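1. what's the 3D shape of this:
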Amino acid sequence: MTTVAVLCDAPNEGVLADLVATTPLAESETPNLYAAMCADVFRAVEASASDLLVNYRPSASGDTEGELRALADAALENPNAVRYEEQVGSTFAGRVGNTVTHLLESEEESSAMAIEPTAPFLTRGDIDGLAMKLRRSDVVLGPASQGRVYAAGFASTVDFADAYTPPAIETLTARANDAGLDVDYGPMAPVVETGTDLAGALALVRARRRAGRDVPHHTAECLDELGLALVEEDGDLEPTKTDTDRS
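-> Model (predicted):
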C-alpha cells in the first residue's frame, strides 16, 4: 500500500501568494481557499486505497497541526486514520526528499507519494492509478501545466536536492534517470496556484456542474463564497469579483 503525503502549509495569510499578486483575491481570502483545497485532497486520498499522511510545515504564528486536524476532522469519514508529521528541511525539494526517504527506508514502505494540496480536482481513481503504476515503475509523476507536478511517487529514492527546479516534471525525470530508475506518468491534472490556474478551475467547476458531474465540494463552495467569476479580456479569461459585498 502506498503512503500518500500531502505537503501542507498552515492555512493562514501568506499562502497562495501568487494568487494575491495576480487575481482580485485579498491576502485575507486565500487561507479559506487553501483550506478548502486541502480538504478536497484529503478526501480523495482517504477514498483511495492509500494511507494519508498530512505532512505539515510548522508555523511560528499558530498551531499548524491543530488547524489541519480540524480540517480533516470536518472533511473525512475516518479522521482517526490520518497521520500527522512535521516536514523537515529548508527547501520544498528537501522536505519532499526527507519525507519520502523516511517512509521508504526507515518505515520500509513499498512506495511513497508526495501530493500538492493545491490539486483539488484529484479523485480516488487518479490516486489509485498513480499507485498502481508504482508497482511497475520506480518513479511516477503527475504532470500539471507549465512543467509543474501535482504528485511525485517513488518506490526508490533519488537525489532530491533542487529536484523541483522548474520545470519540475523534467528535473524529477532527470534525477530518476541519473539513479537508473524507470519513470512513468499519470494524467495531467490542474493545480490552483496562479491567476491562470484559478481561471481554469472556475471554468472547469462551471462546466462540470452544467454537465451534472462531480466537483471538488469544498473548493467549489469556497469559490462561490468568494464571489468569483470569469471575464474575457483581450482574448484571455480573467477571474474577477462579481459581488464584493456578499452577505
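
2. surely Asp9 meets Asn55?
-> No: between Asp9 and Asn55 there is no contact under Cβ atoms under 8 Å: 10.7 Å. Just so you know, the C-beta spots here come from the backbone N, C-alpha and C atoms, and that holds for glycine as well.

3. Looking at these two, which is more packed in?
-> Legend: neighbour count by other Cβ atoms under 10 Å for Asp9 and Asn55, higher for Asn55 (27 against 19).

4. So what touches the host helix or strand of Ala152?
-> Secondary structure assigned from DSSP states H and E places Ala152 in strand 149-154. Residues external to strand 149-154 that are found in contact with it (Cβ atoms under 8 Å, 6 or more residues apart in numbering): 2, 96, 100, 104, 111-116, 118-119, 122, 127, 130-131, 133-134, 138-144, 164, 168-169, 172, 186, 189-191.

5. Pull out the CA atoms of that strand and give them to me as PDB.
-> Presented in PDB, the C-alpha positions along strand 149-154 are these (Å, rounded to 0.1, in the frame of the first residue of the first chain):
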ATOM      1  CA  VAL A 149       3.800  18.300 -10.900                       C
ATOM      2  CA  TYR A 150       0.800  17.700  -8.600                       C
ATOM      3  CA  ALA A 151       2.200  14.300  -7.500                       C
ATOM      4  CA  ALA A 152       5.500  12.500  -7.300                       C
ATOM      5  CA  GLY A 153       5.600   8.900  -6.300                       C
ATOM      6  CA  PHE A 154       8.700   6.800  -5.500                       C
END
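
6. Run through the strands of the protein in chain order.
-> All strands of the chain, identified by DSSP state E, fall at 3-8, 13-16, 51-56, 83-86, 112-115, 139-143, 149-154, 183-185, 228-233, 236-241.

7. Could I get the average pLDDT for the longest helix along the chain?
-> Scanning the chain for the helix with the most residues, using DSSP state H, yields helix 30-47. On average, the pLDDT along helix 30-47 is 98.

8. ok, Arg95 to Pro143 distance?
-> Using Cβ to Cβ, to the nearest Å, we find Arg95 at a distance of 21 Å from Pro143.

9. quick one, which of the two is more surrounded?
-> Arg95 (21 against 18).

10. separation between the more buried one and Val192?
-> For Arg95 relative to Val192 (Cβ to Cβ), the value is 21 Å.

11. same thing with Tyr185?
-> Counting by Cβ to Cβ, the gap from Tyr185 to Val192 is 21 Å.

12. Ok, Leu226 next?
-> For Leu226, the distance to Val192 - Cβ to Cβ - is 12 Å.

13. More neighbours: which of the two?
-> Set Leu226 next to Val192 and count neighbours by other Cβ under 10 Å: Val192 wins out with 29 against 24.

14. Pro117 is in contact with that one, correct?
-> No: between Val192 and Pro117 there is no contact, the gap being 9.9 Å when judged by Cβ under 8 Å.

15. list the residues that contact both of these two?
-> Met37.

16. returning to that earlier point: show me how far the strand holding Ala152 is from its chain's centre.
-> 10 Å (Cα atoms, centre = their mean, to the nearest Å).

17. try stretch 175-185
-> With Cα atoms, centre = their mean, you get 22 Å for stretch 175-185.

18. swap in stretch 109-117?
-> Per Cα atoms, centre = their mean, the centroid offset for stretch 109-117 relative to its chain is 11 Å.

19. Compute the first-to-last residue distance for that stretch.
-> 22 Å (Cα to Cα, to the nearest Å).
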